[in-house]
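Visitor: Generate coordinates for the sequence data below:
(chains A and B)
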Amino acid sequence: GQQLNQSPQSMFIQEGEDVSMNCTSSSIFNTWLWYKQDPGEGPVLLIALYKAGELTSNGRLTAQFGITRKDSFLNISASIPSDVGIYFCAGQLSSGGSNYKLTFGKGTLLTVNP
Amino acid sequence: GAVVSQHPSRVICKSGTSVKIECRSLDFQATTMFWYRQFPKQSLMLMATSNEGSKATYEQGVEKDKFLINHASLTLSTLTVTSAHPEDSSFYICSARDWGDRGWNSPLHFGNGTRLTVT
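Guide: From the prediction side, this is the model:
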């Protein structure tokens, strides 16, 4: 089945630094999604990408859908303490047989030191 | 935006009892909802797809008699963990799409999860 490789597994940064994380896949997706999960809560959608090459921003967050449709990255600029959490990438293949299910990466644990 | 509400947020039950978790789409209708399970420090694992008006579709290795799913209306799906055992203790999260967004390409929105502890 499809697998997503998300890296890095964890990051420890200072407040104000920029952060970059990425996901690669063994096969293509139609949609790439980035979620953030705080402890004890469900994932919250940060950015959704629908077209190869698409670059989308949401405040200090920027994500891109790779042109090969097999990868995506998420950048966070000028990190702040509330950015702490686990970030998941997820790919969706919207075609028959996939049941439009999401495939999740293993997550990137971000720690921001004030 | 699309809001998914999950209840309860936390439940403790004794081994052998059953627990029901509710998932509601608050401001949209969802013919399909998805149930995930998450172990500590791990990613989300899809357990089953809940279909309104028909049987749920379970992922390989998930016992359908153990995890009963009922999608009674366009805004409500329930997951019942039957005869719970300590190994069923986990974080259960439901999700749904707002079709009115982009149809099947719409992103999944997640509930806040239910922490189940079986003693």
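
Visitor: Can you give the distance of stretch A:70-89 from its chain's centre?
Guide: The chain centre lies 7 Å from the centre of stretch A:70-89; the measure is C-alpha atoms, centre = their mean, to the nearest Å.

Visitor: Return the distance of whichever residue of chain A sits closest to chain B relative to A:Phe12.
Guide: Using C-beta to the nearest C-beta, the single residue of chain A nearest to chain B is A:Gly42, 3.7 Å away. In short, each C-beta sits where N, CA and C put it, glycine included. Using C-beta to C-beta, to the nearest Å, one obtains 25 Å as the distance from A:Gly42 to A:Phe12.

Visitor: Neighbour count: the two, which is higher?
Guide: A count of neighbours by other C-beta atoms under 10 Å in any protein chain shown puts A:Gly42 above the other of A:Gly42 and A:Phe12, at 24 against 9.

Visitor: can I assume the more buried one is in contact with B:Thr114?
Guide: No. The pair A:Gly42 / B:Thr114 is not scored as a contact, 9.5 Å apart, by C-beta atoms under 8 Å.

Visitor: Overlap in contacts, the two.
Guide: When contacts are counted by C-beta atoms under 8 Å, 6 or more residues apart in numbering or on different chains, A:Gly42 and B:Thr114 are jointly contacted by B:Gln6, B:Ile93.

Visitor: Once you drop chain neighbours, what's closest to B:Leu74?
Guide: Among residues not flanking B:Leu74 along the chain, B:Gln29 sits closest, at 3.9 Å (C-beta to C-beta, 6 or more residues apart in numbering or on different chains).

Visitor: quick revisit: and the residue of chain A closest to chain B, what pLDDT?
Guide: In this model, A:Gly42 is scored at 96, pLDDT.

Visitor: Just grab the bridge partners of the residue lying closest to it once chain neighbours are set aside for me.
Guide: Spatially, and ignoring its direct neighbours in sequence, A:Gly42 is nearest to B:Phe110 (3.7 Å; C-beta to C-beta, 6+ apart). According to DSSP bridges, the partner residues bridging B:Phe110 are B:Ser95.

Visitor: B:Phe110 - how many residues pack around it?
Guide: Residues lying near B:Phe110 (other C-beta under 10 Å) number 23.

Visitor: How about the contacts made by it?
Guide: A:Tyr35, A:Gly42, A:Pro43, A:Val44, A:Leu45, B:Val4, B:Tyr36, B:Ile93, B:Cys94, B:Ser95.

Visitor: tell me the SS of the residue of chain A closest to chain B?
Guide: For A:Gly42, the assignment made with DSSP: H, G, I helix; E, B strand; the rest coil gives coil.

Visitor: Tell me the confidence at the residue of chain B found nearest chain A?
Guide: Here the residue of chain B nearest chain A is B:Phe110; by C-beta to the nearest C-beta that distance is 3.7 Å. The score at B:Phe110 is 96. That number is its pLDDT.
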